[in-house]
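Peer 1: Next input, structure requested:
(2 chains)
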Amino acid sequence: MQATNFPMPDLLPALPEIVVLVMACVVLLVEVYSKSRAAGYVLTLLTLLAAAGVTTFTAGPDTAYTFSGMFVDDAMADLLKLMTYLAGIAAVIYSRQYLADRDMFRGEYFALLLFAVLGMMVMISASHFLTLYLGLELLSLALYAMVALQRDSATAVEAAMKYFVLGALASGLLLYGMSMLYGLTGTLELAKMAEALNAGVKSELVLAFGLVFLVAGLGFKLGAAPFHMWVPDVYHGAPTAVTLFIGSAPKLAAFAFAIRLLVDGLQPAHGDWQQMLAVMAVLSLAIGNLAAIMQTNIKRMLAYSTISHMGFLLLGVLTGTFAGYSSALFYVVTYVIMSLGAFGMVLHLSRAGFEAENLDDYRGLNARHPWLAGVMGILMLSMAGLPPFVGFYAKLTILQALVGSGWLWLAVLAVLFSLIGAYYYLRVVKLMYFDTPHAEAMAPAPAGDARLLLSINGLAVLVLGILPQPLMALCAYAMQASLQ
Amino acid sequence: MSLGLVVLIPYLGAVLAAWVARFGRLHSAWVAALVAGLALAWLLPHAPTTFAGATVVQRLAWLPAVGLDLAFRLDGLALLFALLILGIGLLIILYARYYLSERDSMGRFYAYLLLFMGAMLGIVLSENLIQLFLFWELTSLASFLLISYWQGREEARNGARMALAVTGAGGLAMLGGFLLLGEIAGSYELSVILASGDAIRAHPLYVPMLVLVLLGALTKSAQFPFHFWLPHAMAAPTPVSAYLHSATMVKAGVFLLARLFPALSGTPEWAWLLILAGGFTLLLGAFFALFKHDLKGLLAYSTISHLGLITLLFGMGTGLAAVAGVFHIINHAIFKAGLFMAAGIIDHECGTRDMRRINGLWKYMPHTATLAMVAAASMAGVPLFNGFLSKEMFFAESVHLSAGLTHGWLLLVAVVLAGVFAVAYSLRFIHDVFFNGEPVDLPRTPHEPPRWMKVPVEVLVALCLLVGILPAVTVEPVLAMAAASVLQGPVPPHDLALWHGFNPALLMSILALAGGLLLYAARKPLFVLADRWQGRLDARALYQRLLQGLFALAGGVTRALDIGSLQRLIALFVASAVLLGAAGFLGGEAPLTGGRALLPVDGVSLLATLGLLAASLGAVALHRRRLAALILTGAVGLVVSLVFIKFSAPDLALTQLSVEVVTVVLLLLALYFLPQRTPAESGLARRGRDALLALAAGGGAAALAWAVLTRPYESIAPYFLAQSVPEGGGRNVVNVILVDFRGFDTLGEITVLALAGLGIYAMLERLQLPGPDRDAEGRPWDWDTHPAIMASLTRLLLPLALLTSVFILLRGHNLPGGGFIAGLVTAVALIMQYLANGAAWTHARLPPNLHPVIGWGLAVATGTGLASWAYDHPFLTSTFGHFDWPLVGEFELASAMVFDLGVYLVVVGSTLLILIYLGLMHGASHVLRPDEEAR
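Peer 2: Here you go, the predicted model:
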């Protein structure tokens, strides 16, 4: 083409992504040539810190679009990206000892982690169906590989296989939905799609079909019922270091996905997707909480608890109000903090040849390691939504938003299910404090860095529970700046 | 924030108390007492203004986003409760110092107790409902810790868990109610809510809100049918029971009733819910209390009964009833705390609480006996003791209420009956324990406890008497102050005198006293009867059944959904998608077929479609025979390429054709290592289900395609058709799109292809797989034979095929063809050599290393893109020009053709790399023929 009408895109809004991309490749290359195992570890931490620096430096209330409107950098994106880096950093530090014990402390893990982070960043900043999908697939592919990282573990490979097959199906559904909406509105750009939908649609039928498949794909990514089946198997089967990662940061990206897709792009069809979200939320709450009761494996239990938490998150989104969105943002941010801590504890208590993944392994933890038991207790109580921990405010704001927009019955159901949910969290507390430990002593890995981070993690849950206002205000501010 | 400090001090004190326990176990007790005293001292300066009728509200912005300020409110009711909590708390601290044994950790006990105290103070001093709820749940947690203080005991843990489950759940329901109340009133501030009672009562959401709030209050106050947790909480150390079940925990529920009285009361719903719950509880509690042989069990049920009485009073909704309710809260707190402490002393000294064994203690501990008897008389409602006064008011209010009801006498009977039982169980407490013969087989010899252990009881008993004899002087100011803030208005005239003249209330008191005496006299046969009913009327069974039901449900859900099988997971996934799709279709309410005119059907298309159908169905039917299924799949691909031709897309058809050939060969190579047939693993029913699911999903997809294709749409094709020649210099639009308009995509695609080739190479190199040497029927595989004629012919064909591919490559820009197709044709030509001459022969004659081919291809393609930078154009901008070649004539050259060459190289390199290494692996695992082996 002769034309010179290709303006050079403004790269500044995407600078964090560029940093992470370049460094992911560097980590991959360094792994080939470097003898030092720690190089990837250090480089990954530095990369995430650098990306955090760039994001903080360029953060602001303004919304910037680039790449012909395919990529957006707004306040919500900044907040979610910062949380993603934080989750990445925590995952890397928590995992160090575990990976070293299992001969997985290699460049692949770090490179894949960085690529997954990059995928999430792209998702978070997507303002176009294609960018959204691009980020999603980059994330998913990296995660599939991470799950299968322990190649000699049959359960890990099986989990990866299931994740991959189901994930491919879900991607198919998602693309199907996207193509229908494209056929309907003639655009893939989210803002323009909202305009086109506002102007009226030619066919309600195609809109309904498109929405159905989009929401199904979204449900899969979030791990919301009835598209939740991969969650327990993958959480259970994957090496705990990977489970920690899958269980934390991708939830942020999935939340961004939901907001970009449903709010930025499909707000005019709010009435249509609201119902579907309500169904998914109720199913997630029910299945997640009920099935979690019966689990004997803590990773599996936390997997089901994730499903129920995602149900709660959906409750916030489905209200379609600003209060609902910002409380859902607050919810997902706090959930990630709690989830990091909980899986971090599982990692910390594991050592070579021993996975602290059975609930029985937590018996009498208090007698041996009162500090760790205390941190775990705080995390569990917070996940159960008990005051004065941060999990309570997360649930409270969602319930308020629900009641405020007239979804009384949903609020009552949500309260009922969180009550059932409290049972299995409290069971962990009971095991740690009231039961006598097994004869075999449980010695946590001698990782001082992880222990320090765990303490900070647990205290953060407590401090945020006593003073939630700054974070809550930040979430509201980010939502406000992004949605105007 | 002086009020906030009152709440904060116990929390800080809790940490301190736990810490100082390191330096000596009694230090904690001192610290705890100091802390409670400090909080009291901090509170008291406010008392005068509160007594004057003022309400102090202090706030600190905390969570404006949720409408939550850290706001504290001190009015009469709050002050009364705070005084009770701190005053009785101090006594309990003193008492527990002597009660706890050497083995018990003092630090832990006092830390928990102070935590609980702080939470209770938080409840009564909260101005904001959400904040109140926070402290409410904190009391549940702290009481859990206190009740389970003796962690080693099974019943302590169970009791604590049940208390937490019931009160915690009630608290959550209450939160729902509060959220609604906040929505209705527009604020969570009590000042606003208490002032907008009429608006709240008229609101359509009043009833659900009321039910939720009352659920919280009734569970906390152990009202029927939620009363069952309280007796099990008696597993706690006695100081805890004395504190929780007199002045604090269970009073939180009735506190809430009093607090929200102006906002919620006065409707039939309020009255009926509370009167029924309170009345039942009053009667049932009193009844069961008589038949408990456990000393604390008796007191537990009596507590339940008295709380029912208070609830009933608030349910009546009149001002006087509310005054009576507040009064009874005070009285009950005083005498019940004393009774629990006395019971604790008895337990402490005798080593048991079984009233069938504890008898005649008067002789061993007359001092304690006197104290306990005074408190018990107060509990029975004997004149001159404080319990009598409020009970009398209660009787009077019941008479007043029953006058307005159609079957009012029923209420009176119930009330008197409860009074009778109350007298009887109080009498039993006195007579059975202190008289009634000699003790039976006690673990320890009873004697008077340490001096200071009795002091708290003495203080409380003195209060019983003071209030009972001189009510107007002692309690009236406090009562008036508290009642004024409960009613948020003037207090109705009431008279706290001992003597009101002969009236129905006095008659009822006399009836209760006399009836109680008679009932106690006839207790023996009743005990026998009660033992027979033991456990039948226990609501705990309901709780257990509820739990079992929950577990059964959870088990069912888990069994149904938590399954490892990927097939099941996919089935569920697909079924969900189909259901969602169906819901979308039914919800869309639009016709399936759109408005676009259908194309005419011609014979050839029909035939091709039938062929496609037959091949697809055949592939499904024969899918267990893998070779046949593969061939049929190939046939499907061929028909698809015909479809492309029909819609004038020769490029696509060519590509499809060559891709089909290459993939079938690839699959054949892989099939060699697999069994010839797929075994049927699932049963008929399951296959039927899968078939149905597949039909539904496929049908749905077809319906969707139909719906979309029959609707008009705007194609982007005209743009490319119009721009192809002027912008890209080529008449073959498909190729121009590939190498020019979407050149970047193509560069990405060939990169992926190259990587895939290298990846497969990396996996296959040096891989040794055991190939089968016999087929399914057990016949040995035939050796590789390469007929000479065929080998020669294909060798002859090779140059021709290569020439064709170059031709296709070069003309691609304007006529059907292009790098991708040319690459595939070259690959097919070389594959033919493999098939006809054998892998080893051909491999020896080809460059052993295909990586450079792939690498050069990528380099050429990328270089073409980069070249445009040299001319100040964006990456991959293409150009074209017309050149004159002597003898041949003028022809066109486009930079895109160089790019196409890169595509060609990558396709040839990758395809061959994959095929060669699959083929070589095939050879490596194949059994050699004897003569081959000889070579």
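
Peer 1: right, and B:Met832 touches B:Leu797 too?
Peer 2: Yes - between B:Met832 and B:Leu797 there is a contact under CB atoms under 8 Å: 6.8 Å. (Glycine included, C-beta is placed from N, CA and C.)

Peer 1: Mind checking which of the two has more residues around it?
Peer 2: Taking other CB atoms under 10 Å in any protein chain shown, B:Met832 and B:Leu797 do not tie; B:Met832 has more neighbours (20 against 15).

Peer 1: Residue 205: how many residues sit nearby?
Peer 2: Looking at chain A here, since you left the chain open. By other CB under 10 Å, 24 other residues sit near A:Leu205.

Peer 1: actually chain B
Peer 2: 16.

Peer 1: shouldn't it be in contact with B:Glu183?
Peer 2: Yes - between B:Leu205 and B:Glu183 there is a contact at 7.3 Å, judged by CB under 8 Å.

Peer 1: Give me every residue in the stretch 51-200 of chain A lying close to chain B.
Peer 2: Residues of the stretch 51-200 of chain A found near chain B (CB under 8 Å from any CB of the partner chain) are A:158, A:161-162, A:165-166, A:169-170, A:173, A:176, A:180, A:183, A:186.

Peer 1: at 6 Å what do you get?
Peer 2: Within the stretch 51-200 of chain A, the positions near chain B by CB under 6 Å from any CB of the partner chain are A:162, A:169, A:173, A:183.

Peer 1: For the second one, which non-adjacent residue is spatially closest?
Peer 2: If I follow you right, that is A:Leu169. Take A:Leu169 and drop its neighbours on the chain: the residue closest to it by CB to CB, 6 or more residues apart in numbering or on different chains is B:Phe573, 5.9 Å away.

Peer 1: CA atoms only for stretch A:159-169, dumped as CSV, please.
Peer 2: Provided in CSV are the C-alpha atoms of stretch A:159-169 (Å, rounded to 0.1, in the frame of the first residue of the first chain):
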residue,chain,number,x,y,z
ALA,A,159,-5.6,-30.6,35.1
ALA,A,160,-3.9,-28.7,32.3
MET,A,161,-5.6,-30.9,29.7
LYS,A,162,-9.0,-30.2,31.2
TYR,A,163,-8.3,-26.5,31.5
PHE,A,164,-7.2,-26.4,28.0
VAL,A,165,-10.0,-28.3,26.4
LEU,A,166,-12.7,-26.4,28.4
GLY,A,167,-10.9,-23.1,27.9
ALA,A,168,-10.8,-23.7,24.1
LEU,A,169,-14.6,-24.3,24.2
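
Peer 1: now it: mean pLDDT?
Peer 2: Mean pLDDT, computed over stretch A:159-169, is 92.

Peer 1: Walk me through the domains of chain B.
Peer 2: B:268-528, B:717-773+B:785-935 (automatic domain parsing).

Peer 1: rank these by mean pLDDT and give me the bottom one.
Peer 2: For these, mean pLDDT drops lowest on domain B:717-773+B:785-935, to a mean of 80.

Peer 1: Get me the contact residues on the stretch 601-750 of chain B for chain A.
Peer 2: Counting by CB under 6 Å from any CB, the stretch 601-750 of chain B comes close to chain A at B:704, B:708, B:711, B:713, B:727.

Peer 1: returning to what we had before: looking at the residues of the stretch 51-200 of chain A next to chain B, state which has the most neighbours.
Peer 2: When neighbours are taken as other CB under 10 Å, the top entry among those is A:Leu173 (26 neighbours).

Peer 1: want to throw the residues of the stretch 51-200 of chain A next to chain B into TSV with distance to A:Ala253 and secondary structure?
Peer 2: Conversion of those to TSV gives the following (distance: CB to CB, whole Å; DSSP: H, G, I helix; E, B strand; the rest coil):
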residue	distance to A:Ala253	secondary structure
A:Lys162	21	helix
A:Leu169	19	helix
A:Leu173	18	helix
A:Gly183	27	helix
